[in-house]
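Colleague: when you get a sec, could you give me coordinates for this:
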Amino acid sequence: MTVYLVGAGPGDPGLLTQRAIELIRSAEVIVHDRLVPAGALAAAAPGTELIYAGKEGGGPSTEQAAIERLLVEHGRAGRRVVRLKGGDPFVFGRGGEEAEALRATGVPYEVVPGVTAGVAAPAYAGIPVTHRAAASAVAFLTGHEDPAKPDSALDWSALAAFPGTLVIYMGVRRLSAIAERLITAGRAPEEPAAVIERGTAPGQRVVKGSLGRIGQMAADAGLGPPALAVIGPVVALREELAWFEHRPLAGRTVAVTRARAQASGLAARLRELGAEVIEAPAIRIAPIDGPVPDLARYDLICMTSPNAVALLFERMAGAGLDARALAGATVAAIGPGTARALRERGVLADVVPEKFVAEDLVRALQEVPARRVLIPRAAQARDVLPDALRARGLEVDVVPLYDTVAEPLAPETLAALAAADYVTFTSSSTVTLLLGATGGRGIGRARAVSIGPVTSATLREHGIEPAVEASRHDVEGLLEALLAAAQAGPASPSRA
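Modeller: Next up is the predicted model:
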């Protein structure tokens, strides 16, 4: 098999290439760095062997020779190996050394480039590394050369005279000394300079100043690795081109408590809006085995969640059925998310209430003629809908398709959640199971964001007053309410 030297990009998961994601999904072994994007390894298939081989300046590090031995060993064993590296493997990533080791031992390899931090981090800071009016060239250099080399390979006089932008990797701790060498060699001390910490990540920080002062300014601000420095006239453009920090949720930390399978969409939207996202799935969807109901019996089918749609169609597919099996019934969806899940499977919902709770679905169904009703749903759910339909004299069958069960959360996840600005709750079960996972400690200083009145009522039962409640009870409504609250400024803690 082949060893793939894969660039994972600078930190923003959205900058992972399609090829990188394909290889992560198909890998048997992944040897990964410390600075791979959050969530990148979640794409790995169950059973994939994950091997940490990170390096940290001044901290625990895996020796390069040991990493190369790992790649050769697993490559020779015929396994499909991904060496996942932050940024680009051939830009200060030691990918060239790893390729040499593989070639020397006859192990086939391929290189998958990644977005390098030297271009991406300045772009996220509003600094173009080239600009027709400010810089027609860019040079990338390391601030941390191989300590075994007898002399520096950098020509400081040439770099001082370089007519363009200098981007310095891994040099934040030595930045004052680097700046002094450039100034001594002739670079102007007043030239604009910036340091970018955690470039492209939600916690990105930028310090801008002059070359003569930037080292001290970065130290005073407490900036540290991973960080890079940019020197040149293009840095002055940051004042008008900065965009990353101006997104509506920039600087906010939001915890997502949905089941892992449903969390990714909400987490992605929050990241697009600038939030740092903590994925704390409090629940897990556990399918319940069972036969497909005799769908031809029913003239009304009520779908109360996207999970129910997905699992009903899974059962149907197992029995050789598709959307045509629902053709004889009126199909109702509790809200647009459920209606969307149906539409993705070829079914247009006949009834969608204006508000997305069971009580409104009951009202929306008052004029719908029916005798027999099917409600596929979670095993534990409110009985508002089936009770109301039975009160009309209808024959109602409730078919449990899944349980919502507690998902254990790591102590570090719980600590991060308690320090978050907001915690989102998209159902009563996320409230009950998350608060159970905290062992009675609640959500700390975080403010609770509720998808609707039913979820809010459950929060209040646990002594938490929602700081935000969506007026439209779906994920888009929750996001709208959160944005409005964040733009209005800090609110009081959510504890009652």
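Colleague: which stretches of the stretch 351-496 of the chain have low pLDDT?
Modeller: Scanning the stretch 351-496 of the chain for pLDDT under 70 picks out 356, 489-496.
Colleague: from residue 466, how far out is residue 447?
Modeller: Separation of residue 447 from residue 466 (Cβ to Cβ, to the nearest Å) stands at 8 Å. C-beta coordinates here come from the backbone N, C-alpha and C atoms, glycine included.
Colleague: may I see the buried residues of the strand or helix carrying residue 314?
Modeller: Remark: residue 314 resides in helix 306-318, with elements defined by DSSP states H and E. Neighbour counts over helix 306-318 (16 or more other Cβ atoms under 10 Å) mark 306, 307, 308, 309, 310, 311, 312, 313, 315, 316 as buried.
Colleague: name the element the residue sitting furthest away from the middle of the chain belongs to?
Modeller: Farthest-out residue of the chain from its mean C-alpha position, per Cα atoms, centre = their mean: residue 393, at 47.5 Å. Under DSSP H and E, no helix or strand contains residue 393.
Colleague: the top strand by length along the chain pairs with which strands, parallel or anti?
Modeller: Longest strand in the chain by number of residues, with DSSP state E as the criterion: strand 395-406. Pairing partners of strand 395-406, with direction, according to DSSP bridges: strand 283-287 (antiparallel), strand 372-378 (parallel).
Colleague: pLDDT weak spots in the stretch 51-200 of the chain?
Modeller: Checking the stretch 51-200 of the chain against pLDDT under 70 turns up 56-59, 145-151.
Colleague: quick one: the strands in it?
Modeller: Secondary structure of the stretch 51-200 of the chain (DSSP state E, counting those that start in this stretch): strands located at 81-85, 109-112, 138-142, 165-169, 192-197.
Colleague: out of these, which gets nearest to residue 371?
Modeller: Residue 371 sits nearest to strand 81-85 of all the strands of the stretch 51-200 of the chain, at 56.5 Å, using Cβ to Cβ.
Colleague: how far away from the center of its chain is that closest one?
Modeller: 20 Å (Cα atoms, centre = their mean, to the nearest Å).
Colleague: begin at 676, not 1, for the rest of this chat.
Modeller: Understood, numbering begins at 676; the last thing we discussed is strand 756-760.
Colleague: okay, now the sheet partners of that strand, with direction.
Modeller: By DSSP bridges, strand 756-760 pairs with strand 678-682 (parallel), strand 704-707 (parallel).
Colleague: and among those strands, the most buried is which?
Modeller: Comparing the strands paired with strand 756-760 by mean neighbour count (mean count of other Cβ atoms under 10 Å), strand 678-682 ranks first with a mean of 27.
Colleague: CA atoms only: put it into PDB for me.
Modeller: Extracted in PDB, the C-alpha atoms of strand 678-682 (Å, rounded to 0.1, in the frame of the first residue of the first chain):
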ATOM      1  CA  VAL A 678       2.000   6.200   2.600                       C
ATOM      2  CA  TYR A 679       0.300   9.600   1.900                       C
ATOM      3  CA  LEU A 680       2.000  12.700   3.200                       C
ATOM      4  CA  VAL A 681      -1.000  14.900   3.600                       C
ATOM      5  CA  GLY A 682      -1.200  18.700   4.400                       C
END
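Colleague: contacts for it?
Modeller: 692, 694-695, 698-699, 702, 746, 749-750, 755-764, 768, 770, 773-774, 777, 782-791 (Cβ atoms under 8 Å, 6 or more residues apart in numbering).
Colleague: one more: stretch 766-779?
Modeller: Contacts for stretch 766-779 (Cβ under 8 Å, 6+ apart): 678, 680, 682, 739, 742-743, 746-747, 750, 758, 760-765, 783-784, 786, 791, 793, 815, 817, 844-845.
Colleague: how far away is residue 1136 from residue 718?
Modeller: For residue 1136 relative to residue 718 (Cβ to Cβ), the value is 37 Å.
Colleague: of those two, which one has the most company?
Modeller: residue 718 (18 against 12; other Cβ atoms under 10 Å).
Colleague: next one: phi and psi at that one?
Modeller: phi -80, psi -10 (degrees, to the nearest 10).
Colleague: so what pLDDT did the closest residue in space to it that isn't next to it in sequence get?
Modeller: Once flanking residues are discounted, residue 718 sits nearest to residue 699: 4.6 Å by Cβ to Cβ, 6 or more residues apart in numbering. Per-residue pLDDT puts residue 699 at 97.
Colleague: do the one 10 residues further on as well
Modeller: What the model reports for residue 709 is a pLDDT of 89.
Colleague: that one and residue 718: what is the separation?
Modeller: Following Cβ to Cβ, the distance that separates residue 709 from residue 718 is 18 Å.
Colleague: do the same with residue 948
Modeller: 23 Å.
Colleague: re earlier: quick one: the strands paired with strand 756-760 as a markdown table, columns for distance to residue 1156 too.
Modeller: As requested, these are exported to a markdown table (distance: least, Cβ to Cβ, whole Å):
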| stretch | distance to residue 1156 |
| --- | --- |
| strand 678-682 | 38 |
| strand 704-707 | 37 |
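Colleague: which of these sits closest to residue 803?
Modeller: Of all the strands paired with strand 756-760, strand 678-682 sits nearest to residue 803, with 21.3 Å by Cβ to Cβ.
Colleague: next SSE downstream of that closest one?
Modeller: helix 693-701.
Colleague: same for that next one, what does it pack against?
Modeller: Packing contacts for helix 693-701, counted by 3 or more Cβ pairs under 8 Å, 6 or more residues apart in numbering; DSSP states H and E, involve strand 678-682, strand 756-760, strand 784-787.
Colleague: tilt between it and strand 678-682?
Modeller: 130 degrees (axes from the mean of the first three to the mean of the last three Cα atoms, to 10 degrees).
Colleague: mind checking which of the strands of the stretch 726-875 of the chain is nearest residue 1044?
Modeller: So among the strands of the stretch 726-875 of the chain, strand 756-760 is nearest, using Cβ to Cβ, at 57.1 Å.
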